[in-house]
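In: Sequence and predicted structure, then a few things I'm wondering about:
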Amino acid sequence: QLNVVIRSSLQTLREKIEQLKELLLRAVSTRQITQLEGDRRQSLVDDLLTRQKQLQASYQNEGTEPDVTRSSLMSGGAKRGVSNPWLLEEPEESRGLGVADLRQQQQRIIEEQDAGLDALSSIISRQKQMGQEIGNELDEQN
């Protein structure tokens, strides 16, 4: 019965990782997140996939000693020397905030970026108009 639960859990984990990969690809392609953030998240998903494969191998007794496998899963991988991405420190500006607060902060940042883009758009529009006027004046002078 325990084997059935483990097999089922491993299958569910693999399916959820595949769903994450699809959602991440969709988010990057629709520009919901930046390419840099997409790359960072892809690295995390790849690490999850590697850990899932390590768990699968450990379950099938194809891996190394259980203690070594277990410690490498928890520490981020003994072979690669990569630190665990879950142990990264949270930024100071988001520390202690709830989900609603984080969404509100993200919305505020997006609004600030939109305001900056609007200002940039008006500056570029004004420069375009000046360039057209300079071109018209040159045509007239010629």
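Out: Received, thanks. Values in this document were obtained by computation on a predicted structure and should not be read as measured data. Residues are numbered from 1 along each chain as shown.

In: ok, G38 - how many residues close by?
Out: When neighbours are defined as other CB atoms under 10 Å, G38 has 17 of them. (Glycine included, C-beta is placed from N, CA and C.)

In: what's the pLDDT at the spatially most central residue of the chain?
Out: Residue closest to the average C-alpha location in the chain (CA atoms, centre = their mean): R41, at 3.0 Å. Listed pLDDT for R41 reads 87.

In: Nearest spatial neighbour of it, chain-adjacent residues omitted?
Out: L24 (5.5 Å; CB to CB, 6 or more residues apart in numbering).

In: what sits against that neighbour?
Out: G38, R41, Q42, V45 (CB atoms under 8 Å, 6 or more residues apart in numbering).

In: And the first one, which helix or strand is it part of?
Out: Element membership of G38 [criterion: DSSP states H and E] is helix 35-59.

In: what does V4 give?
Out: Element membership of V4 [criterion: DSSP H and E] is helix 2-29.

In: and that helix with helix 35-59, angle?
Out: If you take axes from the mean of the first three to the mean of the last three CA atoms, to 10 degrees, helix 2-29 sits at 170 degrees to helix 35-59.
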